[in-house]
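S.K.: What would the 3D arrangement of this be:
(one chain, ligands or ions: 1)
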Amino acid sequence: MNKRIAVLVSGGGTNLQALIDAQARGELGGGQICAVIASKPGVFALERAERAGIPGYVAARKDYPSSQAFTAALAGKLRELNIDLVVLAGFMVILTGEMVWAFPNAILNVHPSLIPSFCGEGCYGLHVHEKALEYGVKVTGATVHFVSEECDGGPIVLQKAVDILEGDTPETLQRRVMEQAEWAILPQAVALFCQDRLRVEGRTVHILPPRP
Ligand code: GAR
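M.R.: Okay, the predicted model is just below:
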């Protein structure tokens, strides 16, 4: 049966766009994006959803007394929508255990570095690339992983390396990591999930061959 996907966003939504485009090309493993949920109103990602005819919702942390109450309400909404896979695509609000318990091994996150480098609390968006440049690494990249209760610590599904070039700024590096890594591996990981080809064993995600 086709999987129902919800994409959670906070900003421009270029990763959401990569998923929408992959679905239009028939490359999302039969998965269907049924909802886009933004952490604040007015973000461009919601416009991308509207243009693609996908229902958009806003779930703002400030409307709830605690992170836990926010997460529980969000998980409730996702269950009500019969969602099979939750994709965090630049979602900048930390969720509590309630979400992981509601969707065990069914939440994917894209992070703009090769985890376990440059990740964890406070390491998101442009900060990740600032840190990579400060450290002086020559290779960075992106990771898609299952979400566990540890921030950026869940089992890794796919990673792709990207070279750092002389003269890079956080902005040029962010763009190259998106173009060369994130926009490719996020739709690939979602497709593998939708085809039931991911098997989690401890920290390792096994990728099963396509079914005949
Ligand atoms: C992406 O680079 C994504 O990897 C990052 O935020 C950006 C969102 O861009 N996510 C994190 O840093 C999460 N820790 P987008 O809205 O254009 O997809």
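
S.K.: Only C-alpha atoms from now on, for both contacts and neighbour counts.
M.R.: OK.

S.K.: got a list of what Gly12 touches?
M.R.: Contacts for Gly12 (CA atoms under 8 Å, 6 or more residues apart in numbering) come out as Val43, Phe44, Ala45.

S.K.: whoops, Ala35 was the one
M.R.: Ala35 makes contact with Ile5, Ala6, Val7, Ile54, Pro55, Gly56, Tyr57, according to CA under 8 Å, 6+ apart.

S.K.: likewise Gly56?
M.R.: For Gly56, the contact set (CA under 8 Å, 6+ apart) comprises Ala35, Val36, Ile37, Ala38, Leu46, Ala49, Glu50.

S.K.: Turn the buried ones among the residues you listed into a named PyMOL selection, would you?
M.R.: Only the buried members of the contacts of Gly56 enter the following PyMOL selection, criterion being 16 or more other CA atoms under 10 Å:
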select buried, resi 35+36+37+38+46+49
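
S.K.: Dump the contacts of Gly56 to TSV, plus secondary structure and distance to Ala181.
M.R.: Shown next, in TSV, are the contacts of Gly56 (DSSP: H, G, I helix; E, B strand; the rest coil; distance: CA to CA, whole Å):
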residue	secondary structure	distance to Ala181
Ala35	strand	24
Val36	strand	22
Ile37	strand	23
Ala38	strand	23
Leu46	helix	23
Ala49	helix	22
Glu50	helix	25
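
S.K.: Just name the closest of the contacts of Gly56 to Asp84, please.
M.R.: Distance from Asp84 was checked for each of the contacts of Gly56 by CA to CA. The minimum falls on Ala35, at 11.5 Å.

S.K.: Could you check the biggest helix by length in the chain and say which residues are buried?
M.R.: The single longest helix within the chain, with elements called by DSSP state H, is helix 67-80. Buried residues in helix 67-80, defined by neighbour count with 16+ other CA under 10 Å: Ser67, Gln68, Phe70, Thr71, Ala72, Ala73, Leu74, Ala75, Leu78.
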